[in-house]
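Asker: give me the fold of what follows.
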Amino acid sequence: MHNRNISVAIIGAGASGTILAYQIMEKASQRSDSGVKVYLIEKDGDHGPGLAYKTPLSAHILNMRADTLGVLNGDPLDFVRWLKGHDDVSKASWGDLNYPPRNVYGRYLDTVLDLAVKKAALGSSSIELITGEAVDIDKNGRAFSVKMSDGGVINANSVILAPGNFPGAFLSELNGTKGYFPYPWPVSEIIENIPMDQPVCIMGAGLSAIDTLITLLENGHREKITFLSRNGLLPKVQGAAFDYQLKYVNKETIDRFLSESDKNSISFDLVKRLYMDEMEAAAGNKINWLDIFNPQESATRILEKDISRAEAGVISYQAALTASGPLTGYIWNSMSIDDRMRFDREYKTVWAVYRHPMPVINAKKILNTLKSGQLDIQQGRTSVKAGSKGGFEIDVITRLGVPFVLKTPYIINATGQEIDVTKFESKLIKRLINKGLIIAHPNGGIFVDFCTSCVKEKSGKDIHGLYALGEITRGVHFFTNGIVPNMVSSGRIADAILA
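Answerer: Numbering: from 1, shown residues only. Prediction:
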């Protein structure tokens, strides 16, 4: 047993922070390291699941298959085994055993945290759960002091910023206005404050909007619900999983083009072409790309076809996209910042539609509400103002340039998380930006090392001992809002801390 006297402060104890705490203790035990002290800091005192996994509604299900979300020992099937070993988890009411309720996964994350604490104790290490808000960090040579809102100070050799997700700044001018909800979570805010007999406008049409719709439906909402987004596109529907061998979007091809580039980067046009070739190879035929990027059929008809394809079995392009998942961050980081910004402007939405599909059970709920007339999907650019007699007036200009006004007493913002750290509602992040300890990345989040997630200073040099995890690294890692990529990053951070 090697006594290391390593101290680590993890700021944020949601899913990512919990997984990191476990990874540190697991790797420490593998190396026979003792004396590792982890401070797991959470503002609201609820260490473990995070907001989305604490929903009380079992109708809020995982968007990823259960057999991909295991945490322990790097085994994707661990969560499935945990489910089988817990008879108290009622499966009878689940619509699809492959997509359990999120609150069940929250219980699994609680188990992960409990195991991390026990593993620490067995190895003469420890995890201390701290309730409080971290508001500043000072660097003291090769160590750090984390300042708490109550005046306390936590000293640590390493600090990890894992603040989770922040509501988007879009429509932030409406914050505090009666009838406006800036975020779909917690669901109690929506259930307790929106009458079932009043119309509601949900900003967005992606996975967050679908969760919000389910919140309203589960509460017995009877009135009209409108999805309003720039393009009006719903996520695609997940088919069966199967293995796929990549032919074009692989590391060998990316590295070859990088070696041939005099800019040490690859262009977005090249990446786009590789993905298009890959999807056509998977499909075994040419694809009508105009229909992919600019579909003309109604949302109802598109959804009917998507459900039919998903229920028929494997969807080839999904297999290709899933297989390329582990490479996404590497490809993203291989493009220039300007090309990444172009992707965000022109293709981010359609990427999300195809790369992050919804389970069939949710798709059928949406289809039913569309067919009944309770759900309407509108698309166009918007501006919102408070109505003269209460509620809101939303000026919409469709893609065809046709203007109309949508009036609603309630708006729920489900457009997704904020990626611009300068707009995060966080005292800690604002102070770290102001003192230059973290640097905002043009593509979202902050500058970190791609491999270790070590925070970089303005000169590009690593700040030894300071790391970041989750959405705050979006500009470098791209997909940072899922369990799987954050498990990978947690492992790398744990290795760096214990090296």
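Asker: excluding its backbone neighbours, what's nearest Tyr275?
Answerer: Sequence neighbours aside, Val249 is the residue nearest to Tyr275 in space, at 5.9 Å (criterion: Cβ to Cβ, 6 or more residues apart in numbering). (Each C-beta comes from the backbone N, C-alpha and C, glycine too.)
Asker: domains in this protein, by residue range?
Answerer: 2-166+419-498, 172-235+359-413, 251-355 (automatic domain parsing).
Asker: gap between the residue lying closest to His464 once chain neighbours are set aside and Val159?
Answerer: Nearest residue to His464, sequence neighbours excluded (Cβ to Cβ, 6+ apart): Arg142, at 6.2 Å. In this structure, Arg142 and Val159 are 12 Å apart, going by Cβ to Cβ, to the nearest Å.
Asker: can you list residues touching both of the two?
Answerer: With contacts taken as Cβ atoms under 8 Å, 6 or more residues apart in numbering, the residues that reach both Arg142 and Val159 are Gly465.
Asker: those two: who's more crowded?
Answerer: Val159 (26 against 9; other Cβ atoms under 10 Å).
Asker: so which bits of the host helix or strand of that one are buried?
Answerer: Using DSSP states H and E, Val159 maps to strand 158-161. By 16 or more other Cβ atoms under 10 Å, the buried positions in strand 158-161 come out as 158-161.
Asker: one more: stretch 336-356?
Answerer: Applying 16+ other Cβ under 10 Å to stretch 336-356 flags 339-343, 351-356 as buried.
Asker: likewise for stretch 361-371?
Answerer: Neighbour counts over stretch 361-371 (16+ other Cβ under 10 Å) mark 361-363, 365-367, 369-370 as buried.
Asker: let's see the pLDDT reported for Ser388.
Answerer: Ser388 is assigned a pLDDT of 75 by the prediction.
Asker: tell me how many other residues crowd it.
Answerer: There are 7 residues near Ser388, going by other Cβ under 10 Å.
Asker: so it versus Ile412, what's the distance?
Answerer: 22 Å.
Asker: could you pick out the longest helix of this protein?
Answerer: When the chain is parsed with DSSP state H, its longest helix is helix 102-122.
Asker: which helices and strands sit right next to that helix?
Answerer: helix 15-30, helix 78-84, strand 126-131 (3 or more Cβ pairs under 8 Å, 6 or more residues apart in numbering; DSSP states H and E).
Asker: list the buried residues in the first one.
Answerer: Using 16+ other Cβ under 10 Å as the test for burial, helix 15-30 gives 15-29.
Asker: now do the second one
Answerer: Of the residues in helix 78-84, those scored as buried under the neighbour-count criterion (16+ other Cβ under 10 Å) are 78-80, 82-83.
Asker: let's check: the centremost residue of the protein is which one?
Answerer: Asn481 (2.1 Å; Cα atoms, centre = their mean).
Asker: follow-up on the earlier one: any chance of the buried residues of stretch 361-371 in TSV, plus pLDDT, distance to His47 and secondary structure?
Answerer: Shown next, in TSV, are the buried residues of stretch 361-371 (pLDDT from 0 to 100; distance: Cβ to Cβ, whole Å; DSSP: H, G, I helix; E, B strand; the rest coil):
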residue	pLDDT	distance to His47	secondary structure
Ile361	96	30	helix
Asn362	97	29	helix
Ala363	98	34	helix
Lys365	97	32	helix
Ile366	98	34	helix
Leu367	98	38	helix
Thr369	98	36	helix
Leu370	98	40	helix
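Asker: partners of the helix or strand Asp395 falls within in the sheet?
Answerer: According to DSSP H and E, Asp395 maps onto strand 392-397. Strand 392-397 has its sheet partners listed here by DSSP bridges as strand 381-386 (antiparallel), strand 403-408 (antiparallel).
Asker: hey, C-alpha coordinates of the one helix or strand Ala496 maps to in PDB?
Answerer: Here Ala496 sits within helix 483-498, counting by DSSP H and E. Extracted C-alpha coordinates of helix 483-498, given in PDB (Å, rounded to 0.1, in the frame of the first residue of the first chain):
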ATOM      1  CA  ILE A 483     -22.800   9.500 -19.600                       C
ATOM      2  CA  VAL A 484     -20.500   7.600 -21.900                       C
ATOM      3  CA  PRO A 485     -18.200  10.500 -23.100                       C
ATOM      4  CA  ASN A 486     -18.000  11.800 -19.500                       C
ATOM      5  CA  MET A 487     -17.000   8.300 -18.300                       C
ATOM      6  CA  VAL A 488     -14.100   8.400 -20.800                       C
ATOM      7  CA  SER A 489     -13.100  11.900 -19.600                       C
ATOM      8  CA  SER A 490     -13.400  10.900 -15.900                       C
ATOM      9  CA  GLY A 491     -11.000   8.000 -16.500                       C
ATOM     10  CA  ARG A 492      -8.400  10.200 -18.100                       C
ATOM     11  CA  ILE A 493      -8.700  12.800 -15.300                       C
ATOM     12  CA  ALA A 494      -8.400  10.100 -12.700                       C
ATOM     13  CA  ASP A 495      -5.200   8.700 -14.400                       C
ATOM     14  CA  ALA A 496      -3.700  12.200 -14.500                       C
ATOM     15  CA  ILE A 497      -4.400  12.900 -10.900                       C
ATOM     16  CA  LEU A 498      -3.000   9.600  -9.700                       C
END
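Asker: any buried residues in it, and which?
Answerer: 483, 485-487, 489-494, 496-498.
Asker: that one - contacts with which helices or strands?
Answerer: strand 2-11, helix 15-30, strand 462-468.
Asker: that older thread, closest one to Lys272 among the strands paired with strand 392-397?
Answerer: The closest of the strands paired with strand 392-397 to Lys272 is strand 381-386. By Cβ to Cβ, the value is 24.4 Å.
Asker: just put the helices and strands packed on helix 483-498 in TSV and tack on mean pLDDT.
Answerer: Listed next are these as TSV, based on pLDDT from 0 to 100:
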stretch	mean pLDDT
strand 2-11	87
helix 15-30	94
strand 462-468	97
